[in-house]
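*Asks:* This is a predicted model, with the sequence first.
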Amino acid sequence: MKISKRVRRGYALVLALLLALPCLTLMQTQAADAVEVDRKCNLTVSVEGNYDEAFEADLSEMQIPVALYRVASVDVSGRYTGVGSWASMKFDSISGETKADNWTTLAQEAYELIGDGQPDAEEKIEKTQGALASAKFTDLDTGMYLVVPETSFNTDYSYEYTFTPYLTALPGNAFAQTGAGDDSWNYEPVIGLKAERAQQEGTLIINKTLDTYNETLGAVTCVFRVEGHDDAGNAVYSNVISATLEGAGNTETVRLNGIPAGIRVTVTEIYAGSNYQVVGPDTVETVIVSKEALENVDGASEASVSFTNAYNGGNRGGYGVTNQFNLDENGLWDWTTDLQE
């Protein structure tokens, strides 16, 4: 069967269009003027971002070390080529169509290739007068950089902040990298952080002392209620704990572990023991201090409260038992008691 000239011309036109598509795509993602590859760049890393007030308040007061690794060079057309330890990486797929997940995958691959390599630049994000906390890097070569903020704690060590390593281009180009926005090369871009945080834990120590004691009545059991609230006033911790002791002048110490650090707890002695009364306040407040604060802050100590009881002259028999109910991993209630069988 013969193919007419008109049909052959049609095939040729379709083929030409198909071959042109990659070039059109390249032009669409690199539509800006040529990159000045020898021009020096500045980069500002700021805490500004889509965070809630608690995040932003913490980040604004922290010092966060940030390291930059130059992982690729860039040519005048905005194409990237891996360098050094990252020479094996393929950056030719980067365009305005690159999805966030692909950027994350590339950044993780680059992070795993750091090895013993030294950063090309290091600065600390910190607060300056009248401005949000930021770090400014100057005199940087053009190319693709891996941004690696160091895991850090807020000022009272109640939260640990971790940051996702990510890639940023120098110069930046919103259109080339996202498919939208300004189509000019920016040699002094400002970028933010990708942060997550985990609340730390601490210990509460309750000291109980008997000022006077009736040996005939035997051991005394006291019961304490512990309520904890965050800075916003939300109840975030609740527990009941007991202490049993005997002998005048003796002190029993109870430790509660795993309490969210940084919260203010109110400890109330709700039962002083049969025939005993509290001497002094029956309610005391304190703030839970994290293990990390104990290790890093001079003078920091575990949260501690003290209560004193005295015999009130009565002779009623009685003894306290503490029952605890906790949900297990199957959503069923688990019951424990300190009652001796």
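*Replies:* Yes, it's here.
*Asks:* Poorly predicted segments of the stretch 201-341 of the chain, please.
*Replies:* Scanning the stretch 201-341 of the chain with the threshold set as pLDDT under 70 gives 316-341.
*Asks:* let's see 80
*Replies:* 315-341 (pLDDT under 80).
*Asks:* who's the residue nearest in space to the middle of the chain bridged to?
*Replies:* For the chain, the residue nearest the mean C-alpha position is R197 (1.8 Å; CA atoms, centre = their mean). The partner list for R197 in beta bridges (DSSP bridges) reads Y161.
*Asks:* Using the three-state scheme, assign Q118.
*Replies:* Classification of Q118 by DSSP: H, G, I helix; E, B strand; the rest coil places it in coil.
*Asks:* measure it to E36 for me?
*Replies:* For Q118, the distance to E36 equals 27 Å [CB to CB, to the nearest Å]. To be clear about C-beta, it is placed using only N, CA and C from the backbone, and glycine gets the same treatment.
*Asks:* circling back to that earlier point, residues in contact with the residue nearest to the centre of the chain?
*Replies:* F55, D58, N154, Y159, E160, Y161, T162 (CB atoms under 8 Å, 6 or more residues apart in numbering).
*Asks:* Give the ChimeraX command for selecting the buried subset of these.
*Replies:* In ChimeraX syntax, the buried subset of the contacts of R197 is picked out as below (16 or more other CB atoms under 10 Å):
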select :55,58,154,159,160,161
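*Asks:* Columns distance to T105 on top of the contacts of R197, output as JSON lines?
*Replies:* Shown next, in JSON lines, are those (distance: CB to CB, whole Å):
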{"residue": "F55", "distance to T105": "25"}
{"residue": "D58", "distance to T105": "29"}
{"residue": "N154", "distance to T105": "30"}
{"residue": "Y159", "distance to T105": "28"}
{"residue": "E160", "distance to T105": "25"}
{"residue": "Y161", "distance to T105": "23"}
{"residue": "T162", "distance to T105": "18"}
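*Asks:* In TSV: the contacts of R197, plus distance to V226 and pLDDT.
*Replies:* Output for these, formatted as TSV (distance: CB to CB, whole Å; pLDDT from 0 to 100):
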residue	distance to V226	pLDDT
F55	27	83
D58	25	89
N154	24	94
Y159	21	96
E160	24	97
Y161	27	95
T162	29	95
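*Asks:* and which of the contacts of R197 is nearest L217?
*Replies:* Y159 (47.1 Å; CB to CB).
*Asks:* returning to that earlier point: wait, which of the contacts of R197 is closest to C222?
*Replies:* Nearest to C222 among these, with distances taken as CB to CB, is Y159, at 33.5 Å.
*Asks:* Now the closest one: closest residue in space, sequence neighbours ignored.
*Replies:* Distances taken as CB to CB, 6 or more residues apart in numbering place R197 nearest to Y159, at 4.6 Å, with adjacent residues excluded.
*Asks:* go on, K90?
*Replies:* Nearest non-adjacent residue to K90 (CB to CB, 6+ apart): G82, at 7.5 Å.
*Asks:* ok, now how distant is the one you found from D75?
*Replies:* For G82, the distance to D75 - CB to CB - is 13 Å.
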